[in-house]
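[1] Here is the input, now give the coordinates:
(chains A and B)
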Amino acid sequence: MDPLCFLSALIFLPALGALILVAFPSKAVDAMRMFTVAITVLVFAMTLNLWLGAGSFDSSIATIQPVAEGVSKPWIPDWNIHYRLGYDGISLPLVVLTGFVCVLAALASWSINKLHKGYFMLFLLLETGMLGTFLALDFFLFYVFWEVMLLPMYFLIGIWGGPRREYAAIKFFLYTLAGSVLMLIAMLMFYFGSGREFSLIKLAELAQDGHTFDYTTQVIAFVLLFIGFAIKVPSFPFHTWLPDAHVEAPTPISMILAGVLLKMGGYGILRIAFPLCPLGAQAAAYTLVGIGVFSIIYGAFAALAQTDFKRLVAYSSVSHMGYVVLGMAVWKINEHNGTDFWLQGMSGAMFQMIAHGVSSAGMFFMVGVIYDRVHHRNLNEFGGLANRMPLYSGLAAGIFFAGLGLPGLCGFIGEVAVVISTWNFSPLLAIIAASGVILTAAYILWTLQRVYLGAEYKGPHSEEIDHMPFNAREAFVAFTLLITAIVLGVYPAIVFDAMNPTLQGLVDSLQKAAPADAATAVTQALQ
Amino acid sequence: MSSFGNLLEQLVKETQNTSLCHFAPELVLCATIVSLLLLRLLSLDRWIPTYVAVLLGTITSLGLAGSQLLGLLNGDTHAEPFFSGLLMFDAFGAFLRSLLALFLVLVVALTVLTGIPDREDAPDFYTLLLGSTIGMLLMAQANNLLMFFIGIEMTSVPSYVMVGFLKGRKQSSEAALKYVVYGAGAAGVMLYGLSLLAGVLGTVAIPEVSTHLATILGSGSGISDATSRTVILAILMVLVGLAFKLSIVPFHFWCPDAFEGASAEVAGFLSVASKAAAFGLLVRFVYAFVGGANQVAAEVFTGLGIAIGAIAAITVTFGNLAAYSQTNIKRLLAYSTIAHAGYMLMAVSAMIVILAGGRSIEGMDYRAEAARCLEGLLFYLFVYLFMNLGAFAITALLRNQTFSEKIEDFNGVAYEAPVLCVCMMACVFSLVGLPPLGGFWGKLVIFSTLFVSGKIHWFMWVMLAIGGINTVFSLVYYIQILRAMFIKPRAEGARPVQIPTAISNYALLITVPVLLLGMFPTWTTELANKVATILLN
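    Numbers count the residues shown, from 1 in each chain, chains lettered A, B, ... in the order given. Now for the predicted structure:
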């Protein structure tokens, strides 16, 4: 199949599914559930085919595939806007992750108990938006998909969310929209600065010569872009939408939020902010590292203070995503022994995104399972669940350990890679970042103790636990997540192999873009 | 033969051969008005509903206006002044006329669906509606300062009556009175400005304005002499009159009251049509001055452009902030209308700045860039037609079911009228400016012209930032409508809402273009660009 057709089919298949759902009678809830799961499974199969299928992805190539400038068709010719798609070692793992998390989130959607048709339609539209964002290689197209995700998300939180859903939904919408407006302004700067070009690949090439976009432009554009993406990551101080949105969202949507949407921020930084403004990125490197480290510690302390189970998991996301920002930014100018540490930091950050996608989706799912039964999330009223639901508690413990970063599970690899590379950048910051791991262990172990251990469950709705046993569907989701966490933890090379050549290429081109004189310019500017 | 006879013969010839042809869309509307009154006089309206005649007339008018536009773009016909230079037959005018005629058809269709006006009042109402539209068509092609005034007044007087058309409602009468008083004041100021201009420049013909102005500004000592100052003062006074029609801050006070008092159909009509016509007039007016400006004038007009931009920025911000606390959906949409007028005024400001100051910037094809500004304005107007009419129309259609225009009374209607509410969602998000909807594209074009004109003066970049921030501001109040419809539960014991298919189809008909214009804007942007380029060259 023609690559452009295949990628378009991949992106728009969920949207098509949403259209077909209109024809379903409103009462056929089970049919709609199964249909949605079928669509997501099909999409996941297609993403796997993209990754493992013969001749579709060559992990040894650093550039965009299937062709270096992306497959494209003119979309709005008088503005030089193209419908340009493609994938490389940075986007492909995230595309696969999207397919994976969406299948599990669809399976977790049995707990939705009203307006099923609308829910599943929005769910599928959201998947289209996410896939499109990861596959778009035209700045304009990227922006469109980025915004397309907002609308379904607003309604998914606003209609099916918890008690404070309206507030959480509008807060999410406002934060992201504010970020996208900044991105829009940066987009115009690049568009007119480059002589009307939207292609991310061409813009990155132009940015590297250092003349098309001068130092000031790059710094301004980088700040605009970084704030836009940091809101999504979310980094301190732009993270306050996240606890509200995660807590109020229904379980499957929390899984998608944590598993995929947060990665868009990191992806945007790697795909747009860094390549398009290398000088700006260099100037901001120390700040970014600082923000990353602070987010790790801040998120962990905030998580320690929570009494709401879901809020705790939400703050753990802030903490874990701090490693992503940290790993990307450990770019030491005038490095004598090459850029190896930086590359390690980058791949650690990328790995952390995938690992967090698995572990956080799992943690939210586990919270959702118990919430469906006892209808509360107060950590102080749990306890003793291990006796009542042994299988559930065992799986939950495994997934929470993955979040904790226990060696042998996925959380460990990314954190270690990032912390080691940070040592080269600044030993002090590395020590602080590493101490975040201890805090993480503290809040997760304490949570496990309060929820699963203890003599017996004394909280409300105790009888519901017996009425609704941990069923096969839920066990399947949990097992899948745990197995994935173990596989990634034991054999991380599956992911590293796919992305390292691309990251190497990115690191090299960025390093080239910042010659010695630019480095001095940065130093002067800093003084 | 006497020279007077000669003149008369020539006049008759011109009128018969060209003018009446060019004037065909307006003539059809006039004929429709007459036939409406005759139908009632002969009591034929018992057998032939009034709206059939109106729809026939307006669709014919749309067809004529559209074919004129096509002819002008293909080069089959050429641009020329007609009626002795009072009106101008060109692509820009034809574009706006087609747009207005299309809008008129859609509004008439809406009134048929909502049943306002009732059978008894229908001929009166449609006479006013068509009469007002004829005035707008005149505004769109005015080529003479006198026609400026006549066009505006011909538009305004029927609108005053339409606002007060819901007889017996106190609010409605109050709104109409407010509108009349403000309108009369603004018209007076504008007329004074026009007479000053005509006196100083010695001409009322638009094409001659720029040469006369160049002589005046060139001969004296720049803007410091009295004549030049008089000209500037006169321009500002005329702009006040236009600002009233556009509901630009601080001449916007009538707008929320008038919209709240008028029926939603009339408010929708006024919010789009009178804006489109007034923007047409504004562009012609400022281009007459700025188009051929010399060096001295260029500086003055760059300043004027920036001043207009500052007012636009204030208008956008004010409109968006004032909309926050509204509980009546028509009032909320009225403030949104104010904000959108501000966005569109930004495009005009960028056009003035680029035309006046663009020549001195190296490497800038200033005419092409100015054409982009105008393209942005025209595209925005085109999208605005659908999205704003959509918002007002759905308000009107739902009002017929809920008997209220309070936002809280729309709580939960999405589950009883899903099609209407999804259409409302598309219109509202397009008003916010989210892709892939048409409103986004319009905003993007306007923002990009602000970015380009920032090379001439940094203030344009400030405007860009203000415009961007306002997009975020506006989300908060627009979402109130959707929150009520989709998230809030329906009130206990509320009357069930039942929407016939015809009404849902009408809503879809208006909303689908909003989506299409966002996803495939090329066709329209190219058309708008062509029209703009023809006008500015």
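
[2] Show the contacting residues for the residue in the stretch 51-200 of chain B positioned nearest to chain A.
    Closest approach between the stretch 51-200 of chain B and chain A, counting by CB to the nearest CB: residue B:73, at 15.7 Å. For glycine as for every other residue, the C-beta is placed from the backbone atoms N, C-alpha and C. Applying CB atoms under 8 Å, 6 or more residues apart in numbering or on different chains to residue B:73 gives the contacts B:91, B:527, B:530-531.

[3] Where does it fall, secondary structure wise?
    Residue B:73 belongs to helix B:50-74 when elements are defined using DSSP states H and E.

[4] Would you mind listing the buried residues in that helix?
    Neighbour counts over helix B:50-74 (16 or more other CB atoms under 10 Å in any protein chain shown) mark B:50-51, B:53-55, B:57-69, B:72-73 as buried.

[5] Flag every buried residue along the worst-scoring helix or strand of chain B on mean pLDDT.
    None of the helices or strands of chain B scores lower by mean pLDDT, DSSP states H and E than helix B:206-219, at a mean of 78. By neighbour count on 16+ other CB under 10 Å, the buried set for helix B:206-219 is B:206, B:209-210, B:212-214, B:216-217.

[6] Redo those residues as a markdown table? Include distance to residue A:260.
    Shown next, in a markdown table, are those (distance: CB to CB, whole Å):
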| residue | distance to residue A:260 |
| --- | --- |
| B:206 | 58 |
| B:209 | 60 |
| B:210 | 58 |
| B:212 | 65 |
| B:213 | 60 |
| B:214 | 62 |
| B:216 | 65 |
| B:217 | 62 |
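
[7] Flag every residue of the stretch 251-400 of chain A that's near chain B.
    By the rule CB under 8 Å from any CB of the partner chain, no part of the stretch 251-400 of chain A lies against chain B.

[8] Check the offset of stretch B:243-250 from the chain's centre.
    12 Å (CA atoms, centre = their mean, to the nearest Å).

[9] How about stretch B:530-537?
    19 Å.

[10] Quick one: mean pLDDT over it.
    Stretch B:530-537 comes out with an average pLDDT of 87.

[11] do stretch A:167-178 as well
    Taken as a whole, stretch A:167-178 carries a mean pLDDT of 91.

[12] any residues touching it, and which ones?
    So stretch A:167-178 is contacted by A:150, A:153-155, A:157-158, A:161-162, A:231-232, A:238, A:240-241, A:244-245, A:247-249, B:434, B:471-472, B:475-476, B:479, B:483, B:487 (CB under 8 Å, 6+ apart).

[13] Go again with 7 Å.
    Stretch A:167-178 is contacted from outside by A:150, A:153-154, A:157-158, A:161, A:231-232, A:238, A:241, A:244-245, A:248, B:472, B:475-476, B:479, using CB atoms under 7 Å, 6 or more residues apart in numbering or on different chains.

[14] do stretch B:461-477 as well
    Here stretch B:461-477 makes contact (CB under 7 Å, 6+ apart) with A:173-174, A:177-178, A:181, A:184-185, B:309, B:313, B:316-317, B:320-321, B:323-324, B:332, B:339, B:343, B:346, B:432-433, B:447, B:450-451, B:454.

[15] Which ones among the residues you listed lie within helices?
    Per DSSP state H, helices hold the following members of those: A:173-174, A:177-178, A:181, A:184-185, B:309, B:313, B:316-317, B:320-321, B:332, B:339, B:343, B:346, B:432, B:447, B:450-451.
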